[in-house]
Every structure is written in C-alpha cells, then in structure tokens.
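**Q** Mind looking at a prediction? Sequence and model below.
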Amino acid sequence: MTAEPHAPPTSNPCAAPAAARTGSGRAHAKAILLGEHAVVYGAPALALPIPGLSCTTSAVLSAQPGHGLTGYRHRTPAGVASGIGAQAPKALRHLVETMLERFRPGEELAVELALDNGIPVGRGLGASAACARATVNALDDLLRLDLCANDVFDLVQLAETQTHGRSSGIDAWATGSNRPVLMTSGKVSDPTVATAAWVVVADTGETGSTKNAVALVRETFRLYPDRRADFLSRSGTLTAAALGALDDGRLDVLGRQLTANHRLLVSLGLSTPALDRLVDVALRHGALGAKLSGGGMGGCVIALTGTPQAAARLATELARQGARETWTASIDEQGDDD
C-alpha cells in the first residue's frame, strides 16, 4: 500500500486541506528467543526482530464529519476487510481516540486508517503490537507530532494491554527495533552479540491466543505457587546462559538453552503436538536448538542455525514436513548494519 505524498509544509500543519494530508507508518514482526511468559513477572526475556514480516499503515484526516476513527480498511494475505470505525479492533479505535485527545485536544478530527498487515495473527509474532506501532507512527507522521521513542512505546503498550490484558512490553519494543531486545523488569537494553547467527521461524498453522496462554500460566501459578518460583528461576538461568553464549559467540551453547527453554514451556502445558513435531524436525535436521516462540498453545517454532545456507536447508525441510510457512532472520554481530 503506497501512501500519498505529504502536503507542503505550512506554518500550521492542521490548517492545510484535510484531504491533502496523509501519514504512513511501518513496524515488523518479532520472535522470542527465550523468556516468554517469565518476562510478564519481571524475569529477563530476549526477542529478535523479524524485518521480513511487516505491517504498514496509512492515515488520513477525513473530510467527512465525525471524531476519532471513522474509516477503516485492513488487508491481510487472506483478503481485505473494510468498514467504519466501529468495525475496527477496539484497541486501535481506543489508540486513535487517545492520540487525538492527548495531542490535538479540543479539535474535531476524523481519521481513516488503512492497514496492510503481512504478519500472521495468533502466531506469537507480535502482529497486534506491530499494527499498533505502525498506526502510532502513521498518526505521528500525519499530525507532525515528532514523538520520542518512549512516547511511541507507551501508546503501543496502551493498545497491547487492551488486546492481551497484562502485557510485558517486549513486543511493543521489539516490533520497532532493528536489533535483539533484552527486557528485564520492564527495562530494555541491547545484548552483546559476538558472532552472527540465523534463525528459521516455522508456522504450525495453529492459531494461539497470548491472552489465553497468559491466563493459563497465571492460574497455574495461583494454584501452585512453588511452580512460579521454580519456573522464573529456571527461565532466568537459561536466559542468562544464552546471553553469555551470545557474548562469547558460542552458538552451540545458545542452541542448548533454546531447546531447554522449550522443555520448560512444555512443562506448563504451553506446547502442542504440532509445535513439538516441528521442534523435533528442526533438531534432527541440523538446528543448534529449537523451541516454541511466543505465547504457545499454537503458533510458531524458532530454530537456530550458524549459517544462512544451513538456515535455507532447514527452512526447506520444515516446509516439507508440515510447516505452513517459514521465514529466516539474522542475529547480527554488535555494530554491524542491518
């Protein structure tokens, strides 16, 4: 979807004809390497951007009377859905209204959105966060707000909380980052990466629900408090070992932590036969480690390899043995350009 060119600058951007103004925004998918679910409770988690999967949003101020989100189109690989604002996701309607009230108080502004989302929904790839971030970026562009990174994060997180309930914030950051993101107790940082690696993300075709998975884990911990402490301790240990392996350039060690993390998530009932099968396929065909990625109960497997050639071979094998789709992304050495 191609956005229209911006209107020429004026001393008052909002004084230009409404039909002439447009804004565009983009965000990409992410995959969790280690620490999903534990991150909700403050334990560390490591996420990787998947730039080959993205959502773009175009935003225009409508010439029609109204306020807030008054027009909406959403295109996915499955087709196009369109309609008035009431048919848009609740989180996006609330996001648009919040931004207008916060940054253009007292003005009667009607916004139309067009989303082109190439990220499969319900696969643990951060589709909702990417769509929210692309929308924030489009409105930032449209209204000439010049938002800082923290402002964008807060707004994306607002939408994520509406969508999933309790949200750690890692998706809200990772869908806008071009490097791996480490989150600990709500704070983000860049992990040191001493050697390049490649991951293959394989889609089982099963739709999961992050909200339901988080609720399952929360209920398990309520019924069995000792399991919470054990899970968080073990998850934190695995993530710490993985960070050390990234820092040392030991991909074999990193891979073992991924596979151990999968077993830990299995123990909470978050895997499925389809996820377990693709993990097994990956490990039998050259992956250094493999695990489910994201909320679980459906979704994707992520597998680690040491070269792009190994990643290509593994992607082919995973597709041959049942993966609906596969995508490859790199973990670049610190300081390399993406």
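**A** Yep, that arrived.

**Q** okay, CA-based contacts and neighbour counts for the rest of this
**A** Noted.

**Q** Please enumerate the strands of the stretch 151-300 of the chain.
**A** Along the stretch 151-300 of the chain, counting by DSSP state E, counting those that start in this stretch, strands occupy 181-184, 187-189, 197-203, 289-293, 300-305.

**Q** Of these, which is nearest L34?
**A** strand 289-293 (7.9 Å; CA to CA).

**Q** Now do that closest one against strand 300-305: the angle between them, please.
**A** Strand 289-293 runs at 160 degrees relative to strand 300-305, counting by axes from the mean of the first three to the mean of the last three CA atoms, to 10 degrees.

**Q** Give me the pLDDT value at the most centrally placed residue in the chain.
**A** Per CA atoms, centre = their mean, the C-alpha nearest to the average position across the chain is that of G126, at 2.4 Å. We have a pLDDT of 92 for G126.

**Q** before we move on, what about V214?
**A** For V214, pLDDT reads 88.

**Q** do the one 5 residues further on as well
**A** Confidence at E219, expressed as pLDDT, is 95.

**Q** For it, grab the count of nearby residues.
**A** E219: 12 surrounding residues under other CA atoms under 10 Å.

**Q** I'd like the numbering to begin with 38 instead of 1 from here.
**A** I'll keep to 38 as the first residue from here, and by that count the last item is E256.

**Q** now it: how far from P262?
**A** Separation of E256 from P262 (CA to CA, to the nearest Å): 10 Å.

**Q** surely the residue nearest to the centre of the chain meets K67?
**A** Yes: using CA atoms under 8 Å, G163 is in contact with K67, at 5.8 Å.

**Q** shared neighbours of the two, which are they?
**A** Listed as contacting both G163 and K67 by CA atoms under 8 Å, 6 or more residues apart in numbering are D208, T212.

**Q** for the stretch 238-375 of the chain, what spans make up the helices?
**A** Assigned by DSSP state H, counting those that start in this stretch, the helices in the stretch 238-375 of the chain fall at 247-260, 262-285, 288-303, 310-321, 345-357.

**Q** need the least confident one among those helices, by mean pLDDT.
**A** helix 247-260 (a mean of 91).

**Q** Now for A128: which residues touch it?
**A** Applying CA under 8 Å, 6+ apart to A128 gives the contacts A196, E197, Q199, T200.

**Q** Closest to V77 out of the residues you listed?
**A** E197 (13.0 Å).

**Q** I'd like the distance between that closest one and W210.
**A** 11 Å.

**Q** Let's see the distance spanning stretch 227-243 from one end to the other.
**A** 31 Å.

**Q** no, scratch that, I was asking about stretch 199-207
**A** Start and end residues of stretch 199-207 are separated by 15 Å (CA to CA).

**Q** mean confidence score for that stretch?
**A** According to the model, stretch 199-207 has a mean pLDDT of 77.

**Q** just to revisit the earlier point, farthest pair within the contacts of A128?
**A** Greatest spatial distance among the contacts of A128 (CA to CA): A196 and T200, at 6.3 Å.

**Q** Which of the two has more residues huddled nearby?
**A** Set A196 next to T200 and count neighbours by other CA under 10 Å: A196 wins out with 26 against 18.

**Q** what's the distance between the residue lying closest to that one once chain neighbours are set aside and T172?
**A** Excluding its sequence neighbours, the residue lying closest to A196 (CA to CA, 6 or more residues apart in numbering) is A128, at 4.9 Å. Going from A128 to T172 by CA to CA gives 11 Å.

**Q** May I see the domains of this structure written out as residue ranges?
**A** Domain assignment for the chain, taken from automatic domain parsing, gives 55-72+87-221, 229-368.

**Q** Would you mind giving those as a markdown table with distance to A80 added?
**A** Converted to a markdown table, those look like this (distance: least, CA to CA, whole Å):
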| stretch | distance to A80 |
| --- | --- |
| domain 55-72+87-221 | 6 |
| domain 229-368 | 6 |
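
**Q** Many thanks, we can stop here.
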